[in-house]
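Novice: Take this sequence and fold it.
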Amino acid sequence: MHLSAAGIEFVDLQYIDLTGFLRSVTVPYKSYKEKLPNFVGAFDGSSVEGFEPINKSDMFLKADEKTFSVLPWNDKKARVLTEIYNSYSKRYQKDPRYIASLATNYIKEQGFSPLVGTEVEFFLFNSVKINVENPIKGIGYNLNSIEQPWDNDSLSLRTKKAYHFSQPNDKLAEVREKIINSFNKMGYDFEASHHEVAVSQNEIGVKAGDPLFVADEVITFKYVARNISLENGLIPVFMPKPLFGDNGSGLHFHISLWDLDMKENLFFDQSSNDLSQLARYFIGGILYHGKSLAAIVAPTTNSYHRLVPGYEAPVYLVWGHSNRSAAIRIPATGGRSKLTRIEFRSPDPTCNPYLALSATLLAGIDGIKKKIDPGDPYEMDVYEIPKEKLSENVSVLPKSLDEALDELESDNEYLQPVFSKELINSYIEIKRKESDTIRMMPNPYEIYMYINI
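Specialist: Below you'll find the predicted structure:
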């Protein structure tokens, strides 16, 4: 528990649905304390898309007490993340937090301990609206934005040029620091924070840990960012591509496997002073299943506006050292073997982090089991290599959510040690509906292009 519990009146019982949306029910603090360690709340599972039908709708919440925290912006209220149980009082198989726990246990049964970290990229806007008068700007800035690259009177900021801006050019630093301070008060920590490449774009690297802990960090960070930004008159946007012509936002996964005692990094080979064969097989699994993984790690129609050449987002399922044009980058460590890891660059912040981290790890484990070789590393900018010179074994990420869902339907066996078929089918059904709905809607740029034809 973080911060003093004195004076608390209410507790938000928070849980996560299949899409990664954070939901909550509020209960009196006194009632919460009296019910511990049993179920502390209940909800209607039929009202949560992808969960249960109306005839099996009663679901229960049990507090994960280590996530209890008083809200830094409201000392009369606390929040706690919960575990979902079904009407038979059994742990619910579609609870994303349960999936992350199962994935960790499964990997440990194979003799490994997973260590994961992630970098959360996001935008901060004054307001969010569709600009019909100039749709090329897309969803994002209005005329009163903090940073306006399209304002002819402001030449200090250009698209794709804002990386590591310092104050006073970085007009977002103060709000970022307020977000981080509240994130810390809720019991979490960060590695680094800075202005990212795009206008009004930020990055926070959260502390590494097991999949459940890191996914909790991501969900908590987004929750904190939304509340603190609101207090400061801003709106955080975690869409992967809210703006045309500038970089999008990723949720890069940093992954390594260790021994069960967490003393030896199994991705580092001392004899070669480079990646181990185990790490190469792990990479091979992710690349081999990369097309179906896309449906989980890049799960929105907007995700595929980001996954295009030229914006540091990967398109080709290849790997390379220090190569940000590859789907998997091997970061330089400065000679520190314990930092040897892979960075999977396809995921974005709209993913459900519990499912996405678990699925990525399961793909890698499948690569180890089947000894899938990832091929030679690509050390050049992959976008500048003519297609005819790419290996015939190089796969390309899907160009749309529908394509990614097709891939997941045909390639999901590697998930089934942890993901039930029911969960996979429910997830695909939800995402098909999303895609179908958006496909039927005209967008502002279509109006701009076709209204006078």
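
Novice: alpha carbons only for contacts and neighbour counts from here, please
Specialist: OK.

Novice: List the buried residues for the lengthiest helix in the chain?
Specialist: With DSSP state H setting the assignment, residue counts place helix 211-231 as the longest helix in the chain. Buried positions in helix 211-231, judged by neighbour count with 16 or more other CA atoms under 10 Å: 211-222, 224-229.

Novice: Which parts of the stretch 101-250 of the chain are helices?
Specialist: Listed from the start of the chain, the stretch 101-250 of the chain has helices (DSSP state H, counting those that start in this stretch) covering 173-185, 211-231.

Novice: same for the first one, what does it pack against?
Specialist: The helices and strands touching helix 173-185, judged by 3 or more CA pairs under 8 Å, 6 or more residues apart in numbering; DSSP states H and E, are strand 190-195, helix 211-231.

Novice: Ok, which of these comes nearest Gly335?
Specialist: Gly335 lies closest to strand 190-195 among the helices and strands packed on helix 173-185, at 18.9 Å (CA to CA).

Novice: and the angle for that closest one with helix 173-185?
Specialist: Between the axis of strand 190-195 and that of helix 173-185 there is an angle of 160 degrees, by axes from the mean of the first three to the mean of the last three CA atoms, to 10 degrees.

Novice: now strand 190-195: how far from the chain's centre is it?
Specialist: Relative to the chain's own centre, strand 190-195 is displaced by 16 Å; criterion: CA atoms, centre = their mean, to the nearest Å.

Novice: the inter-axis angle of it versus helix 211-231?
Specialist: Going by the same axes, to 10 degrees, strand 190-195 makes 40 degrees with helix 211-231.

Novice: on contacts alone, who are the packing partners of strand 190-195?
Specialist: With contacts defined as 3+ CA pairs under 8 Å, 6+ apart, the secondary structure elements packing on strand 190-195 are helix 173-185, strand 201-209.

Novice: mind redoing it with 6 Å?
Specialist: Under the contact criterion of 3 or more CA pairs under 6 Å, 6 or more residues apart in numbering; DSSP states H and E, strand 190-195 touches strand 201-209.

Novice: Can you give the contact residues for the strand it packs on?
Specialist: Contacts of strand 201-209 from elsewhere in the structure, counted by CA atoms under 6 Å, 6 or more residues apart in numbering, are 115-123, 189-196.

Novice: Return the set of buried residues in whatever helix or strand Arg97 lives in.
Specialist: Secondary structure assigned from DSSP states H and E places Arg97 in helix 96-109. Buried positions in helix 96-109, judged by neighbour count with 16+ other CA under 10 Å: 96-108.

Novice: Closest one to Met441 out of these, please.
Specialist: When the buried residues of helix 96-109 are compared against Met441 (criterion: CA to CA), the nearest one is Pro96, at 29.9 Å.

Novice: Next, the contact list for the closest one, please.
Specialist: Counting by CA under 6 Å, 6+ apart, Pro96 has contacts Tyr354.

Novice: okay, it: pLDDT?
Specialist: Each residue has a pLDDT score; the one for Pro96 is 98.

Novice: Report the separation between it and Asp216.
Specialist: From Pro96 across to Asp216, the span is 10 Å (CA to CA, to the nearest Å).

Novice: dump the residue contacts of the residue lying closest to Leu124 once chain neighbours are set aside.
Specialist: Of all residues beyond its chain neighbours, the one nearest Leu124 is Pro236 (4.6 Å), with distances taken as CA to CA, 6 or more residues apart in numbering. Counting by CA under 6 Å, 6+ apart, Pro236 touches 123-124, 226.

Novice: Kindly report the same for Glu343.
Specialist: Counting by CA under 6 Å, 6+ apart, Glu343 makes contact with 253-254, 328-329.

Novice: which one of those residues sits closest to Tyr450?
Specialist: Within the contacts of Glu343, proximity to Tyr450 (CA to CA) peaks at Ile328, which comes in at 38.9 Å.

Novice: How many residues are close by Ser322?
Specialist: Applying other CA atoms under 10 Å, we find 16 other residues in the vicinity of Ser322.

Novice: Ile447 now?
Specialist: By the criterion of other CA under 10 Å, Ile447 has 12 neighbours.

Novice: confidence score at it?
Specialist: 80.

Novice: backbone phi and psi for it, please?
Specialist: Dihedral pair for Ile447: phi -60, psi -50, per degrees, to the nearest 10.

Novice: ok, back up a step: could I get the contacts of Pro236 as TSV with distance to Lys90 and pLDDT?
Specialist: Output for the contacts of Pro236, formatted as TSV (distance: CA to CA, whole Å; pLDDT from 0 to 100):
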residue	distance to Lys90	pLDDT
Phe123	39	90
Leu124	41	89
Arg226	33	96
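
Novice: which one of those residues is nearest Lys76?
Specialist: Arg226 (18.7 Å).

Novice: quick one: the helix holding Arg97 to helix 211-231, angle?
Specialist: Between the direction of helix 96-109 and that of helix 211-231, the angle (the same axes, to 10 degrees) works out to 150 degrees.

Novice: chain center to helix 96-109: distance?
Specialist: Shown here is helix 96-109, whose average C-alpha point lies 17 Å from the average C-alpha point of the whole chain (CA atoms, centre = their mean).

Novice: related to what we said a few turns ago, now, the contacts of Glu343 that are in strands?
Specialist: With DSSP state E as the criterion, strands contain 253-254, 328-329 from among the contacts of Glu343.

Novice: Report the contact partners of the closest residue to Asp261 other than its chain neighbours.
Specialist: Counting by CA to CA, 6+ apart, Ser113 is the residue found nearest to Asp261 once chain neighbours are left out, at 7.9 Å. When contacts are counted by CA under 6 Å, 6+ apart, Ser113 touches 257-260.

Novice: Separate out the buried members of these.
Specialist: Taking 16+ other CA under 10 Å as the criterion, what is buried in the contacts of Ser113 is 257-258.

Novice: what would the contacts of Ser113 look like in a markdown table with distance to Asn86, pLDDT and secondary structure?
Specialist: What follows is those, written out as a markdown table (distance: CA to CA, whole Å; pLDDT from 0 to 100; DSSP: H, G, I helix; E, B strand; the rest coil):
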| residue | distance to Asn86 | pLDDT | secondary structure |
| --- | --- | --- | --- |
| Leu257 | 33 | 98 | strand |
| Trp258 | 34 | 97 | strand |
| Asp259 | 34 | 96 | coil |
| Leu260 | 32 | 95 | coil |
